[in-house]
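Q: sequence and computational prediction follow.
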Amino acid sequence: MTPYMKKSPKNKQSLRLRPKQSLRLRLKPTLSIVIVSFNTKEVLKDCLSSLKRVEDEIKFEVIVSDNGSTDGSVQMVKKDFGWAKLFENKKNLGFSRGNNVVRGKVHGKYILFLNSDTVVYEGTLRKSVEYLEKNKGVGSMTCKILLPNGELDRDTRRSFPTPFVALTHFSGLDRLFPKSELLAKYWYSYLPEDLEHEVDVVQGAFHLTRREILDKVDWFDEDYFLDGEDIDLCWKIRKLGYKIMYFPEVSITHIKKASKKKSKSSLRVSSGVRAMEIFYRKRLWDRYPFYINYLVILGIKLLLAIRLVKFYLL
């Protein structure tokens, strides 16, 4: 048990179902929890243990989509968590494809995308599903996502990175004026963290949505490998007319970037910046004049260059 635990195109995959799953599969679950794993054995164990402790509060199934881990994650799931469905990918498919490959294997009315480096507490699953059941106009929601030190993970709630919002964020203005509604929209830091409110984007570490909505928007866009897919999914859901909500009545702990820490490759260092360009070209390009577009792309290229220089030289 770690310090974070508290009491309270062609790819061959194999789906292994064990005898202990038979009863769970005979009863159609209300909730399907999808966890993408890549070399996060210890935190994945804590995550699954936390789900085991709350298994009686709502009928759910758990699907672990493993992206070719080499740290014993697969063997650990088979040995200690036979009730979970294990989907073994032969290589690292990234976050979007890692979730999408289990699309035909989920049975719940609601789908929760949950990071492997999270710990779920009593009441969080039940109250989150109840929230969606009571609020039909809400397409997706997240809870209060806390870091191990108890502080709010600022990426829990975000605005879409429009040119102005991105400028205030990357220039540091949102940190200089965290209570300014004009300048601090990126992380909504001007709003209390205990206030339920509508947002543009909820973090992929805990993203609860409806199966019917996911099917309408065709799940995750696989142009994103590691970052940006949560922003894009929220964009598509909002485009259908649904609200995205931050619901801080319940919480989880997010250990943060466990998969990324396993491999500090240039791809991982630059993935967030590359995702920004993909999102801008896909969703925002037609909304702004050409000179704004090219200034934005130039800014993204400069940011990418800076991060790569730091990676190779520092």
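A: Nice, I can see it. Residues are numbered from 1 along each chain as shown.
Q: tell me the mean pLDDT for stretch 301-308?
A: Taken as a whole, stretch 301-308 has a mean pLDDT of 90.
Q: residue contacts, Y224?
A: Taking CB atoms under 8 Å, 6 or more residues apart in numbering, we find Y224 in contact with 94-96, 232, 275, 278-279. From N, CA and C alone the C-beta is placed, and that goes for glycine too.
Q: would you list the phi and psi of it?
A: Dihedral pair for Y224: phi -90, psi 130, per degrees, to the nearest 10.
Q: follow-up on the earlier one: which of the contacts of Y224 lies closest to F164?
A: Relative to F164, the closest of these is F279; by CB to CB it sits at 15.3 Å.
Q: grab the nearest non-local neighbour of I231.
A: Once flanking residues are discounted, I231 sits nearest to V201: 5.0 Å by CB to CB, 6 or more residues apart in numbering.
Q: so for that neighbour, what pLDDT did the model give?
A: Confidence score, pLDDT, at V201: 98.
Q: okay, which residue is most central for the protein?
A: G204 (1.2 Å; CA atoms, centre = their mean).
Q: doesn't F95 make contact with that residue?
A: Yes. The criterion here is CB atoms under 8 Å, and G204 meets it with F95 at 6.8 Å.
Q: what's the average pLDDT for the helix or strand containing V273?
A: For V273, the host element (DSSP states H and E) is helix 266-279. If you average the pLDDT over helix 266-279, you get 84.
Q: other SSEs contacting it?
A: Contacts defined by 3 or more CB pairs under 8 Å, 6 or more residues apart in numbering; DSSP states H and E place helix 266-279 against helix 229-239, helix 290-313.
Q: can you lay out these as JSON lines showing mean neighbour count and distance to I111?
A: Below are the helices and strands packed on helix 266-279 laid out as JSON lines (neighbours: other CB atoms under 10 Å; distance: least, CB to CB, whole Å):
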{"stretch": "helix 229-239", "mean neighbour count": "22", "distance to I111": "11"}
{"stretch": "helix 290-313", "mean neighbour count": "13", "distance to I111": "31"}
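Q: so which of these comes closest to G172?
A: Across these, G172 has its closest neighbour in helix 290-313 (13.1 Å, CB to CB).
Q: neighbours of S270, how many?
A: Residues near S270, counting by other CB atoms under 10 Å, number 18.
Q: so it makes contact with K310?
A: No. Using CB under 8 Å as the test, S270 is too far from K310 to be in contact (10.6 Å).
Q: overlap in contacts, the two.
A: Counting by CB under 8 Å, 6+ apart, no residue touches both S270 and K310.
Q: low-confidence stretches in the protein?
A: 1-26, 257-268, 314 (pLDDT under 70).
Q: redo that, cut-off 80
A: Along the chain, the parts satisfying pLDDT under 80 run over 1-27, 257-270, 311, 314.
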